[in-house]
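>>> Predicted model follows, preceded by the sequence.
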Number of protein chains: 2
Amino acid sequence: MRDTKRRMVNSAVVLLRERGVSGVTVEAVLEHSGAPRGSVYHHFPGGRAEMLSSAVLLAGDFISGLLEKVAVEGSPQAAFDQFVGFWKQAMVASDHLAGCPIVAVAVDTREELADVVRETFDRWREALRDSMVRHGFPADTARRRATLLISAVEGAIILCRAQRDSGPLDDVRQELGPLLEL
Amino acid sequence: MRDTKRRMVNSAVVLLRERGVSGVTVEAVLEHSGAPRGSVYHHFPGGRAEMLSSAVLLAGDFISGLLEKVAVEGSPQAAFDQFVGFWKQAMVASDHLAGCPIVAVAVDTREELADVVRETFDRWREALRDSMVRHGFPADTARRRATLLISAVEGAIILCRAQRDSGPLDDVRQELGPLLEL
């Protein structure tokens, strides 16, 4: 991805996390990224809709990649720890003002992004599920537990944002840790 | 609350759950509720902002009341079951198109509603925490576990909506049940 385009997509992700789908406007992305106006239709011929889908795809793929890597290399605990740690760091870095960009799209009603939202959540769950199965968990337990882990972290991110501190993510990490030992 | 006003607030809650904060407009509430246009500034002198805050307060208070009642009368399991059951029924009734109205506001950036969001999540957590404490859980465990329960249910609601079925709520209920027995 070219530098200007990458900067614009990164800005779209930040705006999505902080202000939701309605905050990702062409104006806001230009202002946040400092990109020249002409770059919009050069890099995003589909305009605002393309900016939004690029942001969701980039963010979802980035997090999926992180999680899949550690889930294959390490234990389920290591994978979950990495996932929670990633979010905690992202929350602290934004002073707890920014949430999950995938959730921001999931609570919107944009039909054209429903597939990428569902597929992203599925990738996260499958990475954790497969890691548990490889470490001896029964397939059904692993599937349900992976859903619990992703649900709990996404919910905790919302609570962290509401109360402007990381306590809920810490609580969830501590409570769920034992469920990842056989 | 007068009938027309109640109908309008109920419509605002439905719109909030299905379309998020940006979906709660005066036009949409009038259309959904069938209320006459003159009723807007009669019942909501503060206009759209007052409709929105009335919806959040009504929905939050309704759910808090349900949860607090069963949390005082029954076991932690009964309280959690009631909470999950309420959401499952709400999701099924909307064909999994509507989410939690408190989350819809939490992921928005409306500073004036931040307090009611935080207070509502706190009430839910405290109801579950107090129930666990009354049934013999150590205070710290009860506090963390209550945060986990609310986080997991809120996250599961988002996943249910993304995949258009209730599976994630069922998974979360089954996985968390054992954590409510001492």
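Alright, I've got the coordinates.
>>> From here on, just use CA atoms for contacts and neighbour counts.
Will do.
>>> Which positions within the biggest helix by length in chain A qualify as buried?
The residue-count maximum for a helix in chain A (DSSP state H) belongs to helix A:47-73. By neighbour count on 16 or more other C-alpha atoms under 10 Å in any protein chain shown, the buried set for helix A:47-73 is A:48-61, A:63-64, A:67-68, A:70-71.
>>> now do stretch A:87-95
The neighbour-count check on stretch A:87-95 (16+ other C-alpha under 10 Å) flags A:87, A:88, A:90, A:91 as buried.
>>> does the last one really touch residue A:166, like I thought?
Yes. Using C-alpha atoms under 8 Å, residue A:91 makes contact with residue A:166 at a distance of 7.2 Å.
>>> Quick check: neighbours shared by these two?
Among the neighbours of residue A:91, those also in contact with residue A:166 (C-alpha atoms under 8 Å, 6 or more residues apart in numbering or on different chains) are residue A:160.
>>> Next up, the contacts around residue A:142.
A:128, A:129, A:130, A:132, A:133 are the contacts of residue A:142 under C-alpha under 8 Å, 6+ apart.
>>> Make CSV out of the residues you listed and add secondary structure.
Formatted as CSV, these follow (DSSP: H, G, I helix; E, B strand; the rest coil):
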residue, secondary structure
A:128, helix
A:129, helix
A:130, helix
A:132, helix
A:133, helix
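>>> among those residues, who's most crowded?
Taking other C-alpha atoms under 10 Å in any protein chain shown as the neighbour criterion, residue A:128 ranks highest of the contacts of residue A:142 with 29 neighbours.
>>> ok so, going back, for the longest helix of chain A, which helices and strands make contact with it?
helix A:3-19, helix A:76-93, helix A:101-106, helix A:114-134 (3 or more C-alpha pairs under 8 Å, 6 or more residues apart in numbering or on different chains; DSSP states H and E).
>>> okay, the angle between it and helix A:3-19?
If you take axes from the mean of the first three to the mean of the last three C-alpha atoms, to 10 degrees, helix A:47-73 sits at 90 degrees to helix A:3-19.
>>> roughly how far out does helix A:47-73 sit from the chain middle?
The chain centre lies 7 Å from the centre of helix A:47-73; the measure is C-alpha atoms, centre = their mean, to the nearest Å.
>>> do stretch A:147-155 as well
Between the centre of stretch A:147-155 and the centre of its host chain there is 12 Å, according to C-alpha atoms, centre = their mean.
>>> Does that stretch reach chain B?
Yes. For stretch A:147-155, a contact with chain B is found by C-alpha under 8 Å from any C-alpha of the partner chain, at A:147, A:148, A:149, A:150, A:151, A:152, A:153, A:154, A:155.
>>> what sits against the third one?
Translated: residue A:149. Listed by C-alpha under 8 Å, 6+ apart, the contact partners of residue A:149 are A:80, A:176, B:152.
>>> a markdown table for the residues you listed, including distance to residue B:108, pLDDT and neighbour count?
Shown next, in a markdown table, are those (distance: C-alpha to C-alpha, whole Å; pLDDT from 0 to 100; neighbours: other C-alpha atoms under 10 Å in any protein chain shown):
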| residue | distance to residue B:108 | pLDDT | neighbour count |
| --- | --- | --- | --- |
| A:80 | 27 | 96 | 25 |
| A:176 | 28 | 98 | 20 |
| B:152 | 20 | 98 | 28 |
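>>> what's in contact with stretch A:90-103?
Contacts of stretch A:90-103 (C-alpha under 8 Å, 6+ apart): A:13-14, A:16-20, A:56, A:59-60, A:117, A:120, A:154, A:157-158, A:160-161, A:164-166, B:107, B:158.
>>> just stretch A:27-37 next, same as before
A:4, A:7, A:8, A:11, A:12, A:15.
>>> roughly how far apart are the last one and chain B?
Meaning residue A:15. From residue A:15 over to chain B the distance is 11 Å, taken as C-alpha to the nearest C-alpha, to the nearest Å.
>>> what's the burial count for that residue?
Counted with other C-alpha under 10 Å, residue A:15 comes out at 23.
>>> Per-residue pLDDT of it, please?
Looking at residue A:15, its pLDDT reads 95.
>>> again with the third one
Reported pLDDT at residue A:8 in the predicted model: 96.
>>> Apart from its neighbours in sequence, what residue is nearest it?
In this structure, residue A:8 finds its nearest non-sequential neighbour in residue A:33, 5.5 Å apart by C-alpha to C-alpha, 6 or more residues apart in numbering or on different chains.
>>> count of neighbours near the one you found?
By other C-alpha under 10 Å, 17 other residues sit near residue A:33.
>>> Please report how far it lies from chain B.
Per C-alpha to the nearest C-alpha, residue A:33 is found 21 Å from chain B.
>>> same thing with residue A:2?
Here the criterion is C-alpha to the nearest C-alpha. By it, residue A:2 lies 31 Å from chain B.
>>> Kindly report the same for residue A:132.
Using C-alpha to the nearest C-alpha, we find residue A:132 at a distance of 15 Å from chain B.
>>> Contacts only, for that residue.
Contacts for residue A:132 (C-alpha under 8 Å, 6+ apart) come out as A:75, A:76, A:142, A:180.
>>> And the closest residue to the last one other than its chain neighbours, what's its pLDDT?
I take that to be residue A:180. Leaving aside its chain neighbours, residue A:180 sits nearest to residue A:77 (5.8 Å; criterion: C-alpha to C-alpha, 6+ apart). Note for residue A:77: predicted pLDDT of 95.
>>> try residue A:62
pLDDT, residue A:62: 95.
>>> Same question for the one 4 residues further on.
Per-residue confidence at residue A:66 stands at 92 (pLDDT).
>>> Equivalent analysis for the one 4 residues further on, please.
At residue A:70, the predicted lDDT confidence score is 91.
>>> my read: it touches residue A:79, true?
Yes. Under the criterion of C-alpha under 8 Å, residue A:70 makes contact with residue A:79 at 5.3 Å.
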